[in-house]
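Chemist: turn this into a model:
(one chain, ligands or ions: 1)
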Amino acid sequence: MIALPNDDRSCGWYDVLTTAAPSKKMSGEQNADFVVIGAGFAGLAAARRLAERQPNARIVLVDAQRIAEGASGRNSGFVIDLPHKFALEHPDPAHKQKLLSLNRSAISQLQQLVDDYQIDCQWSAVGKYQGAVGARGQAHLDHFEALMKDLGEPFRVVEQTELAKVLGTNYYSRAIFTPGTYLMQPAALVRGLGNNLPENVDVFEQTPIRKIQQQGQKWLLHADDGTLKTPKVLLATSIFTREFGYLKNRLLPVMTFASWTRPLSDAELERYQGELNWGLTPADHAGTTLRMTADRRILIRNTYKHVPKYAASVNDQTRQWVQGEHYKALRARYPDFADIPLTHTWGGVYAISRNFTNFFGQLENGVYASACDNGVGAAWGTVSGGLLADLAIQADSQALQDIQYVTGMPSLNPPEPFLGLGVKFRIGLAKWQSRSEL
Ligand SMILES: Cc1cc2nc3c(=O)[nH]c(=O)nc-3n(C[C@H](O)[C@H](O)[C@H](O)COP(=O)(O)OP(=O)(O)OC[C@H]3O[C@@H](n4cnc5c(N)ncnc54)[C@H](O)[C@@H]3O)c2cc1C
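Modeler: Residues are numbered from 1 along each chain as shown. Okay, here's the model as predicted:
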């Protein structure tokens, strides 16, 4: 039995959407030219690109859950152009420039789709703040500033007084603003992308694929009520790629958590005195991500857990504990809002690797995967999914060469119990080091 995704039902972004139309599930014995498994950012982009490049082909996109229930619909809603911290520290300047341009091409693709299909998802080009608390945080900001200068990227240092006017809190001592990040409502964006796929994409939701089996030149995919036969399978299943026997000892499952408040009332908004629609990530990466949404909610994201049983939903005890941590973070920043309830608390799983390397490519004949985005998958999933489709149909491009340049093999994990102990130690250490930013 393979483990299947089982995301909790407490994600605020998903909960505020209108009720989805009933799902279409796969049944019977079907054939397709391509099957994409997983309908997050990566799978949606892959299915779209295949359909556009091969308008006469039948593309099937399947997901075990409803579209937007997975990590792509439950993140913090930052579509980030800059590579993450460890990639920014990469010694090869070409590597960093290629990552930047790939992420930016993802942002333009999403921008185009939001415009073309009028996807109502709070899509906004507002940049992001990287916020520091105290001396340790400022040392991280200094490092970040040096990396930005080195890359030749635009940025602005925002001092405490100016920052407080935006954030409505004096909690942060300084920030660096970078203009290239977009903010969005992830569940609304992902559902919108799923609802507007080309006509030659058949979408089946709540259709877990339990096994893939080679049959001559084709692959037979087993779902609960039927099978799909195809020569080409694209795995956009993030950490669940391991369940099909691939990258088994290379991907690490990590869960992180978010909570948000109800929308602030007019009176509360007056007390708050900050702006709407901004996003802040911590200077020290294990700290708290903070957003004030366009619809007046404060969102808090922090806390990482290594989750070897990544198919298990968040239990009530963990949710309560995490919510307690989120209340602490909220009160530290907004003591006047101590009485505002956090109405939703949710978790989500994604894949990281010990060497922070993303996998992109062919796993074996007819099987392709993009897996492991190290937690910044909105842009990466989009660009890698599209290019995975190009790889599967051998449509060469500069972008395809670039993604092959910057990706590689995630390093092997040590066996248990050393892995679990090691990851727990690293997460604990990072949390302690980032304690002022939690
Ligand atoms: C709380 C939180 C905050 C985050 N914040 C950000 C952020 O602000 N910006 C950012 O860029 N990233 C963020 N991330 C990370 C980001 O959400 C992920 O990196 C991204 O969603 C990965 O996209 P994906 O398409 O590769 O995978 P996923 O979105 O995980 O999609 C994989 C899909 O595969 C399906 N699946 C798995 N197994 C099967 C199977 N056997 N059969 C059928 N379907 C299957 C799943 O149901 C799922 O829908 C955050 C993550 C979390 C949890």
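Chemist: up against the ligand, what does the stretch 151-300 of the chain have?
Modeler: Within the stretch 151-300 of the chain, the residues that sit near the ligand (C-beta under 6 Å from any ligand atom) are 208-209, 236-238, 240, 256, 258. Where C-beta positions appear, they are placed from N, C-alpha and C, glycine not excepted.
Chemist: tell me the one among the residues you listed nearest to residue 188.
Modeler: residue 258 (15.5 Å; C-beta to C-beta).
Chemist: one step back: narrow the residues of the stretch 151-300 of the chain next to the ligand to those in strands?
Modeler: Counted as lying in strands by DSSP state E, out of these, are 256, 258.
Chemist: farthest-separated two in the residues of the stretch 151-300 of the chain next to the ligand?
Modeler: It's 209 and 258 that sit farthest apart of these, by C-beta to C-beta, at 27.9 Å.
Chemist: which residues sit in contact with residue 71?
Modeler: 7, 40, 238, 348-350, 377 (C-beta atoms under 8 Å, 6 or more residues apart in numbering).
Chemist: distance of it relative to residue 376?
Modeler: 11 Å (C-beta to C-beta, to the nearest Å).
Chemist: and the residue nearest the centre of the chain, its phi and psi?
Modeler: In the chain, the residue lying closest to the centroid (C-alpha atoms, centre = their mean) is residue 377, at 3.7 Å. Backbone torsions of residue 377, given as degrees, to the nearest 10, read phi -90, psi 0.
Chemist: same check on residue 363?
Modeler: With angles defined as degrees, to the nearest 10, residue 363 sits at phi -90, psi -40.
Chemist: pull the contacting residues for it.
Modeler: Counting by C-beta under 8 Å, 6+ apart, residue 363 has contacts 235, 246-247, 369.
Chemist: hmm, the strand or helix carrying residue 317 in reach of the ligand?
Modeler: For residue 317, the host element (DSSP states H and E) is helix 316-333. No - if you take C-beta under 6 Å from any ligand atom as the test, helix 316-333 misses the ligand, and the best it gets is 10.5 Å.
Chemist: outside of that helix, which residues touch it?
Modeler: By C-beta under 8 Å, 6+ apart, helix 316-333 touches 8, 10, 167, 169, 171, 257-259, 261, 288, 290, 298, 300, 302-303, 305, 314, 337-338, 340, 342, 345-347, 438.
Chemist: got phi/psi on residue 188?
Modeler: phi -70, psi -40.
Chemist: count of neighbours near the residue lying closest to it once chain neighbours are set aside?
Modeler: Leaving aside its sequence neighbours, residue 188 sits nearest to residue 121 (C-beta to C-beta, 6 or more residues apart in numbering; 3.7 Å). Residues lying near residue 121 (other C-beta atoms under 10 Å) number 21.
Chemist: quick one: residues contacting residue 215.
Modeler: residue 229.
Chemist: ditto for residue 48
Modeler: Neighbouring residues of residue 48 by C-beta under 8 Å, 6+ apart: 193, 197-198, 201, 386, 389.
Chemist: same question for the helix or strand in which residue 96 is found, mean pLDDT?
Modeler: Element membership for residue 96, per DSSP H and E: helix 93-116. Averaging pLDDT along helix 93-116 yields 96.
Chemist: counting by contacts, list what whatever helix or strand comes next after it packs against.
Modeler: Next helix or strand after helix 93-116 toward the C-terminus (DSSP H and E): strand 128-132. Helices and strands touching strand 128-132, by 3 or more C-beta pairs under 8 Å, 6 or more residues apart in numbering; DSSP states H and E, are helix 134-151, helix 160-167, strand 174-178, strand 278-282.
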